[in-house]
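J.: okay, here's the prediction I keep looking at, along with the sequence it came from:
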Amino acid sequence: MAKRNTRTRSNTVRKAGPKKGSRGKIKAIQKVVDGIQFKSMLEVFTYRKLLEFELRFEYEQKKFVVMQGFDYPECSWETLPSGDYKDKGNGKVRDITYTPDFVGYDADGRIKWVIECKGFANERFPNTWKLFKQTLVREGTIIPLYLPKNQKQVLESIEKILAL
């Protein structure tokens with residue numbers, strides 16, 4: 001009878017995948033290009049390709065309020081990051097805002113399209129993206145949205161923009 005191999009994988013071997021920071025969050029490589037601080041290399045790639053195709057756009061300039069702030073008149077006991085349990089009620093709840101990575105404009109300065117580079121989304125992003133879409137519908141700004149996760153999808157998004 002053959003002997004079964006019972007050796008296990010060493011703890012020093014890392015699985016391939018995104019790099020994580022000290023808090024377990026995925027850590028993108030930041031870079032400055034043309035004096036602009038980009039949050040990921042996918043954003044840098046997108047920026048360079050948008051310039052190459054001479055598209056009119058801004059990087060992280062347009063902010064959308066996806067949920068208006070409001071006053072909460074009653075107590076609201078919540079645990080703070082410090083671990084303290086504190087009443088955060090009787091006060092203003094701030095707006096929820098969203099700033100897309102790239103907003104493209106037509107010759108008249110109207111928003112024509114949005115690109116949001118998202119290699120690895122955090123757990124909050126899907127809800128913010130839905131609120132953003134709802135905000136656009138509510139404002140009557142129905143435009144194409146692109147959410148590329150890699151360079152191939154960025155190029156495909158740009159092809160679609162050029163076809164508009």
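T.: On my side now, so go ahead.

J.: is Leu50 in contact with Ile158, as I believe?
T.: Yes - using CB atoms under 8 Å, Leu50 makes contact with Ile158 at a distance of 7.0 Å. Using the backbone N, CA and C atoms, a C-beta is placed for each residue, glycine as well.

J.: and the helix or strand harbouring Arg138, what's buried?
T.: Taking DSSP states H and E as the definition, one finds Arg138 inside helix 125-139. By neighbour count on 16 or more other CB atoms under 10 Å, the buried set for helix 125-139 is Thr128, Trp129, Leu131, Phe132, Thr135, Leu136.

J.: what does stretch 59-71 give?
T.: Tyr59, Phe64, Val66.

J.: stretch 86-96: end-to-end distance?
T.: End-to-end distance of stretch 86-96 (CA to CA, to the nearest Å): 22 Å.

J.: so what touches that stretch?
T.: Stretch 86-96 has contacts (CB atoms under 8 Å, 6 or more residues apart in numbering) with 65-78, 80, 128, 131.

J.: same check on stretch 111-121?
T.: By CB under 8 Å, 6+ apart, stretch 111-121 touches 18, 26, 28, 40, 42-43, 46, 50, 62, 100-106, 125, 129, 141, 143-150, 154, 157, 161, 164.

J.: point out where the chain drops to low pLDDT.
T.: 1-27 (pLDDT under 70).

J.: can you pull the contacts of the nearest residue to Glu156 once chain neighbours are set aside?
T.: In this structure, Glu156 finds its nearest non-sequential neighbour in Pro148, 7.4 Å apart by CB to CB, 6 or more residues apart in numbering. By CB under 8 Å, 6+ apart, the contact list for Pro148 reads Leu42, Thr46, Ile115, Cys117, Lys118, Val154, Glu156, Ser157.

J.: give me every residue that touches the residue lying closest to Phe53 once chain neighbours are set aside.
T.: Nearest residue to Phe53 in three dimensions, chain neighbours excluded: Ile158, at 5.9 Å (CB to CB, 6+ apart). Applying CB under 8 Å, 6+ apart to Ile158 gives the contacts Lys49, Leu50, Phe53, Leu55.

J.: Ile158 and Leu55: what is the separation?
T.: Plainly put, Ile158 is 7 Å away from Leu55 if you go by CB to CB, to the nearest Å.

J.: now do the shared contacts for those two.
T.: Common contacts of Ile158 and Leu55 (CB under 8 Å, 6+ apart): none found.
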